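Trainee: Return a 3D structure for these sequence lines:
(one chain, ligands or ions: 1)
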Amino acid sequence: MSSKAGQDSVDLWSEIAATEEGEGNREQQIAVIYRRRRRTENTPKDVDTNHSSLNNGNRLSLAAPVKRVSWNRSLSIRGRTSIAVFACVEYQPQQRKPRRKAKPPLPRGKFVQPQNFEQERAYFQEVDAYELLEESPSPKRFGTWAMGVQNDDIVLPHLSSVLNKWLIAKKLNYSYGPSGSLSKILETPAMPMEPICGDGFDASTVKTPEKASPQVCSGLHSVQDRFNSNFMNKDVVERQTGSQKSNEVSLTTGDEGCEDIDVAIKKLSLTSRSASLGGDHWDSFSALLTVCEQSAPSTLLDVFSKYCDPESIVKIGEGTYGEAFRAGKTVCKIVPIDGDLLVNGEVQKRSGELLEEAILSRTLNHLRGDGGHVNNSCTSFIETLDLRVCQGPYDAALIQAWEDWDEKHGSENDHPREFPEKQCYVVFVLEHGGKDLESFVLLNFDEVRSLLVQVTVALAVAEAAYEFEHRDLHWGNILLSRKDSDMLQFTLEGKNMFVRTFGLSISIIDFTLSRINTGEAILFLDLSSDPELFKGPKGDKQSNTYRKMKEITEDFWEGSFPKTNVLWLQYLVDILLLKKSFKRTSKDERELRSLKKRMDNYGSAKEATSDPFFTDMFVDHAI
Ligand SMILES: Nc1ncnc2c1ncn2[C@@H]1O[C@H](COP(=O)(O)OP(=O)(O)OP(=O)(O)O)[C@@H](O)[C@H]1O
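Mentor: Numbers count the residues shown, from 1 in each chain. Predicted coordinates:
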């Protein structure tokens, strides 16, 4: 889930005092914690009041007051926008109205203790009196993004499709350098790619607006580049002349007779028809299909059958937008898209938003270094194994798995039988990352150190590769599992680092709020459109972290502010001290508090990797 501020209101000091329990016992306890998080404090009337000013009453399902309707549900949802790396591309963020007013977060379960504020206050007096540091780059200066390419003639229509932006950026940047990552992402079996500039993306090839310098890359004229170039020429000319009349594929590719490319052009040419079709759903949906390497949606059953016997499907988690199911060794997260039906009281995500999430997830896959040597690599970001667009009802096996979960845990989500026949979804096929930090039982301080070093170095690697900022790294978005290996390798700016795992392995999930610079586009969520995010309860660590991010970024969410990663690391230290129980001494606690204080001085996760707290966690080479 993208945000679970409510969890912080659970008093887990009692948990800290509790005796260590075995995993099995703990699971029982977790089952209780995860029980239906129904609102008891807000009546339907509360909900009504909270939404009365929003003029979109039809968006709220008051008929289902037991469903999750909370402050934290609005956090991650709307307004994902991307910005092409080029100053000449007119940036038109989606306008959206805040749909919610700030509400107190929900506790995780009904069996929570009242919060012990005295203990928390004492703690915060000691460690939480820090001022936010100003980030050095002036965030309001768009100039820092400029590539030096100006072309005032090009004015984008309303585009939610990052693909369009990317294609325009690509066209304008045609001779400026490597464009491997998104080209690779868009590589489909129908569009075989010639290598453009070697493997993925690393620190030396990232084209940040400030850092970029013209580099001519040999082999640039790949099939896809030619195709994109032709497509863009046509598209831009059409828009400039107002002659956007083509309902037929009329591009000349120079590869007459190449059926594959024609097929691909047909798919992508849908984007140039969007204006005449009067909406951006059409183009972003077809772009999403392209990114998912499909020409038409599949069925859910088709996708699941690829990974397991449908009878073996088990639901393992749920979020506001996603239902997560275990399918064989993978986790399939189903996210309904583009429909009019409110799902769990929320407007469904649009394909344009999913398109960007898809690109972001696939970009992070490149950190895994599978394609060969890269300067920055790690395996700590959950691997997206596949992405599929689906259409149609939930299959009986999925319904059964959903109902089993509901019976055991009490789902807060709407029953999937409510979906209409033609409902569309995106299925994220993910590596199984384990249990989230909230429910995982950490045994001792070594495991805590390992968790911290892995998260810190992973963020540092992604910062270096893509100016990545997670921006929502709460304890629900860090998954943990136990593995046999003692060491884990990271490569940061070409330097191999081996960290001690103490048998623990982490995976970072949920990139909804994340910001990334793929080299061709900057993908981010414009949180300035979501003021509710910053109105969470005072003293709540997660809410405070959003507020601190806002101060750091000055609401310029496009900008690169790696300090936000440090803020989440500090949050993580707090959570470990306050909310997690593990075997520890007072010296261990002092060390954690000192780490948090020293982090005030770090401007990025990369800087934090040099903290003395981590020194013992690095070893010279793999054993
Ligand atoms: N790769 C994974 N491995 C194991 N469990 C997972 C994985 N992905 C998701 N889950 C489980 O499913 C839950 C919901 O996933 P996630 O938080 O990504 O959903 P979401 O719908 O994107 O959340 P929201 O929309 O509320 O931000 C997670 O809390 C986790 O328990």
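Trainee: so what's whichever residue of the stretch 451-600 of the chain sits closest to the ligand closest to, chain neighbours aside?
Mentor: When distances are taken as Cβ to the nearest ligand atom, the stretch 451-600 of the chain reaches nearest to the ligand at Asp510, 4.5 Å away. Bear in mind the C-beta positions are built from the backbone N, C-alpha and C, glycine included. Leaving aside its sequence neighbours, Asp510 sits nearest to Asn477 (Cβ to Cβ, 6 or more residues apart in numbering; 4.5 Å).
Trainee: Check whether that neighbour really touches Ile506, as I assumed.
Mentor: No - in this structure, Asn477 is not within contact of Ile506 by Cβ atoms under 8 Å, at 10.6 Å.
Trainee: The stretch 351-500 of the chain: helices as residue ranges?
Mentor: Under the criterion DSSP state H, counting those that start in this stretch, the stretch 351-500 of the chain contains helices at 351-365, 396-409, 445-466.
Trainee: worst average pLDDT in those helices?
Mentor: Ranked by mean pLDDT, those bottom out at helix 351-365, which scores a mean of 92.
Trainee: got the residues of the stretch 451-600 of the chain near the ligand?
Mentor: Contacts of the stretch 451-600 of the chain with the ligand, taken as Cβ under 6 Å from any ligand atom, map to Gly476, Leu479, Ile509, Asp510, Thr512.
Trainee: So which of the residues you listed sit within strands?
Mentor: Judged by DSSP state E, strands contain the following of these: Leu479.
Trainee: which of the residues of the stretch 451-600 of the chain next to the ligand are buried?
Mentor: Applying 16 or more other Cβ atoms under 10 Å to those, the neighbour count classes Gly476, Leu479, Ile509, Asp510, Thr512 as buried.
Trainee: And the furthest pair within those residues?
Mentor: Leu479 and Thr512 (15.5 Å; Cβ to Cβ).
Trainee: Correct me if wrong: Asn375 contacts Phe490.
Mentor: No - look at Asn375 against Phe490 with Cβ under 8 Å: they stay out of range, at 11.4 Å.
Trainee: who has more neighbours, these two?
Mentor: Using other Cβ atoms under 10 Å as the criterion, Asn375 and Phe490 rank with Phe490 on top: 23 against 20.
Trainee: The more buried one: what's it in contact with?
Mentor: Phe490 is in contact with Ser377, Cys378, Ser380, Val457, Ala458, Val461, Asn496, Met497, Phe498, Val499, counting by Cβ atoms under 8 Å, 6 or more residues apart in numbering.
Trainee: List the contacts of the closest residue to Phe511 other than its chain neighbours.
Mentor: Using Cβ to Cβ, 6+ apart and skipping the chain neighbours, the partner closest in space to Phe511 is Leu360 (5.1 Å). Listed by Cβ under 8 Å, 6+ apart, the contact set of Leu360 reads Phe511, Ser514, Ile516, Thr518, Leu523.
Trainee: Quickly note the distance from Leu360 to Leu300.
Mentor: 23 Å (Cβ to Cβ, to the nearest Å).
Trainee: can you check Trp568 too?
Mentor: 33 Å.
Trainee: got it, and Asp436?
Mentor: 24 Å.
Trainee: In terms of packing, which of the two has more residues around it?
Mentor: The neighbour comparison of Asp436 against Leu300 (other Cβ under 10 Å) goes to Leu300, with 26 against 20.
Trainee: Contacts only, for the residue nearest to the more buried one when sequence neighbours are not counted.
Mentor: With sequence-adjacent residues excluded and distances taken as Cβ to Cβ, 6+ apart, Leu300 is closest to Cys390, at 4.9 Å. Taking Cβ under 8 Å, 6+ apart, we find Cys390 in contact with Pro297, Ser298, Thr299, Leu300, Asp302, Val303, Ile334, Cys424, Tyr425, Val426, Val427.
Trainee: what about His415, how many neighbours?
Mentor: 12.
Trainee: Could I get the phi/psi values of it?
Mentor: With angles defined as degrees, to the nearest 10, His415 sits at phi -70, psi 130.
Trainee: just for the stretch 301-450 of the chain, where's the confidence low?
Mentor: Along the stretch 301-450 of the chain, the parts satisfying pLDDT under 70 run over 371-373.
Trainee: So which residues on it come close to the ligand?
Mentor: Checking the stretch 301-450 of the chain against the ligand by Cβ under 6 Å from any ligand atom, the hits are 316-322, 324, 331, 333, 382, 430-433, 436.
Trainee: Look up the closest residue to Leu355, ignoring the ones flanking it.
Mentor: Counting by Cβ to Cβ, 6+ apart, the residue nearest Leu355 is Leu288, at 4.7 Å.
Trainee: and the helix or strand hosting the one you found with helix 351-365, angle?
Mentor: Using DSSP states H and E, Leu288 sits in helix 281-291. In terms of direction (axes from the mean of the first three to the mean of the last three Cα atoms, to 10 degrees), helix 281-291 departs from helix 351-365 by 20 degrees.
Trainee: and the next element down the chain from helix 281-291?
Mentor: By DSSP H and E, the next helix or strand past helix 281-291 is helix 300-307.
Trainee: what does that next one contact?
Mentor: 310, 313, 325, 327-330, 332, 334, 386, 388, 390, 392, 394-395, 397-398, 425, 427, 429.
Trainee: The same query, at a cut-off of 7 Å, please.
Mentor: 310, 313, 327-328, 330, 332, 334, 388, 390, 392, 394-395, 398, 425, 427, 429 (Cβ atoms under 7 Å, 6 or more residues apart in numbering).
Trainee: Can I have the buried ones of those residues as a ChimeraX selection?
Mentor: To isolate the buried ones among the contacts of helix 300-307 in ChimeraX, judged by 16+ other Cβ under 10 Å, type:
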select :310,313,327,330,332,334,388,390,392,394,395,398,425,427,429
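Trainee: Between the contacts of helix 300-307, which sits nearest Glu589?
Mentor: For the contacts of helix 300-307, the nearest to Glu589 is Thr330 (38.3 Å; Cβ to Cβ).
Trainee: And that closest one, how far from Arg388?
Mentor: In terms of Cβ to Cβ, Thr330 sits 12 Å off from Arg388.
Trainee: Among the contacts of Phe490, which one is most surrounded by other residues?
Mentor: When neighbours are taken as other Cβ under 10 Å, the top entry among those is Val461 (29 neighbours).
Trainee: Give me the number of neighbouring residues for Lys408.
Mentor: 12.
Trainee: Looks like the residue nearest to Asp510 contacts Phe511 (just checking).
Mentor: No - Asn477 is not in contact with Phe511 according to Cβ atoms under 7 Å; the separation is 9.0 Å.
Trainee: what ranges of the protein fall below the confidence cut-off?
Mentor: Across the chain, the ranges flagged by pLDDT under 70 are 1-282, 371-373, 622-623.
Trainee: what's near enough to touch the nearest residue to Glu311 once chain neighbours are set aside?
Mentor: Spatially, and ignoring its direct neighbours in sequence, Glu311 is nearest to Ala397 (5.9 Å; Cβ to Cβ, 6+ apart). Contacts for Ala397 (Cβ under 7 Å, 6+ apart) come out as Pro310, Glu311, Ile313.
Trainee: Quick check: nearest residue in space to the first one, chain neighbours excluded?
Mentor: Leaving aside its chain neighbours, Pro310 sits nearest to Ala397 (3.8 Å; criterion: Cβ to Cβ, 6+ apart).
Trainee: Since that was my last question, I'll sign off now.
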